[in-house]
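Novice: Fold the following and give me the result.
(one chain, ligands or ions: 1)
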Amino acid sequence: MAQPLTAAEIDFDTPGFRTGYVRLSHSDDRHAFSVIPVPVAVLVGGRPGPTMFLSGGTHGDEYEGQALLHRLLRATDPAGLAGRLIVMPALNLPAVRAGRRVSPLDGGNLNRVFPGDPATGPTGAIAAWVAANVLSRAGFACDLHSGGSSGRYLPCAYLHWGGDVAFRRRKIAAARAFGAPFTVIAAGTGAYGSMTAECDRRGVVMVSAEFGGGASLDVELKDLAGACLERLLAHVGIRDAGVAPVGETRFLRLAGSGSAPMAEVPGLFEPARRIGETVRAGELAGTIWPVTSLGSPGVEVRFPRDGLLVVERVRPMVEPGDLLFQLGTEVDPESLMDF
Ligand SMILES: [Zn+2]
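Specialist: The predicted model follows:
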């Protein structure tokens, strides 16, 4: 059982750079005489401006964002900032240490437990601390993800479609400034416990991002995400403008899991297509080989609809119910304002 967190020994207000820990108390065999020190950095600029929260390691098997934030902390002189950055590259530290999506301490998925509750365990305690101490101070947020151990994403910004029309337009403007090759709008999803949903409830303009996957660290994608983040910092006014010009992002609406090709038999999935490709309904998505039936023709899986491949499966061994791809459709975000 997690105990409520003590306050981080962090000064959020004096100009400069400082680091500290959220001291998470958790009593089990390993941690009876320990705390779990979730690291946090605060950079307070020399001029007034907005506050932005930057996070990685919300899922512990996603690495581009973690590395990018370590590099950003080394490269940023707070005196040149207007406003404040609060940076947590290893947000779910137990999951980061374990290289897992969820916490090994309580099985918690940090992106499903907001607004958080310390009584539910360490993961809920981290969420509650972030909500009360960070998001309460922030006007903007960027949470850096990848496809993790099981998937690989097209490099994209990811917008949770909450809030009213004016709020959605602020998110769209932020995503255009971020300038990822794609921006996925998760319209109609009910991820109530995500950090983005919490930001929506608090009026924090948040751009999530998905760069890479397969539990690896793609340096080119990390650098691309870094360039996008620099533009976003300029857009919100924390950094001076003058960063490299941005390509036009293409907005996609993610199709629901009901339109994703799904494994219906166990076996070894051999994909026929890659992320970034446009597919038509009925085309081959791949073949599932039953590993103990030699000479079998395999089970062909076909795309149930047209679309652009946004996510591809990385782990080839599949069980019934595993999604093999996720599809998106290009969309004008203005057409979704009332959705
Ligand atoms: Zn993630």
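Novice: so who does residue 206 touch?
Specialist: For residue 206, the contact set (Cβ atoms under 8 Å, 6 or more residues apart in numbering) comprises 140-143, 160, 171, 195-196, 199-200. All C-beta atoms are positioned from the backbone trio N, CA, C, and that covers glycine.
Novice: Partner strands of the helix or strand hosting it, with direction?
Specialist: Residue 206 is part of strand 205-213 when elements are defined by DSSP states H and E. Paired neighbours of strand 205-213 in the sheet (DSSP bridges): strand 140-145 (parallel), strand 151-160 (antiparallel).
Novice: which residues does the residue of the stretch 201-339 of the chain found nearest the ion contact?
Specialist: Nearest to the ion in the stretch 201-339 of the chain, going by Cβ to the ion, is residue 210, at a distance of 7.4 Å. Residue 210 is in contact with 145-147, 153-158, 184, counting by Cβ under 8 Å, 6+ apart.
Novice: contacts with the ion among those residues, please.
Specialist: Applying Cβ under 5 Å from the ion, the subset of the contacts of residue 210 adjacent to the ion comprises residue 145.
Novice: Within range of the ion, give me the residues from the stretch 1-150 of the chain.
Specialist: 59, 62, 145.
Novice: Name the member of those with the most neighbours.
Specialist: Within these, most neighbours by other Cβ atoms under 10 Å means residue 62, with 28 neighbours.
Novice: With residue 90 as the reference, measure out to that residue.
Specialist: Distance, residue 62 to residue 90, by Cβ to Cβ, to the nearest Å: 11 Å.
Novice: shared neighbours of the two, anything?
Specialist: With Cβ under 8 Å, 6+ apart, residue 62 and residue 90 have common neighbours residue 56.
Novice: Just give the closest residue to residue 71, not the sequence neighbours.
Specialist: For residue 71, ignoring the flanking residues on the chain, the nearest one in space by Cβ to Cβ, 6 or more residues apart in numbering is residue 226 at 6.9 Å.
Novice: quick one, what contacts that neighbour?
Specialist: 68, 71-72.
Novice: From these, list the buried ones, please.
Specialist: 68, 72 (16 or more other Cβ atoms under 10 Å).
Novice: Least reliable of the strands paired with strand 205-213 by average pLDDT, please.
Specialist: With a mean of 95, strand 151-160 has the lowest mean pLDDT of those.
Novice: Only C-alpha atoms, please: export that one in PDB.
Specialist: The C-alpha coordinates for strand 151-160 follow below in PDB (Å, rounded to 0.1, in the frame of the first residue of the first chain):
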ATOM      1  CA  GLY A 151       4.100  -1.500 -31.200                       C
ATOM      2  CA  ARG A 152       5.700   1.100 -33.400                       C
ATOM      3  CA  TYR A 153       4.000   4.400 -34.300                       C
ATOM      4  CA  LEU A 154       4.300   6.800 -37.200                       C
ATOM      5  CA  PRO A 155       6.000   9.800 -35.600                       C
ATOM      6  CA  CYS A 156       3.000  11.900 -34.500                       C
ATOM      7  CA  ALA A 157       1.500  14.300 -32.000                       C
ATOM      8  CA  TYR A 158      -1.500  12.800 -30.300                       C
ATOM      9  CA  LEU A 159      -4.400  14.900 -29.200                       C
ATOM     10  CA  HIS A 160      -7.100  13.800 -26.800                       C
END
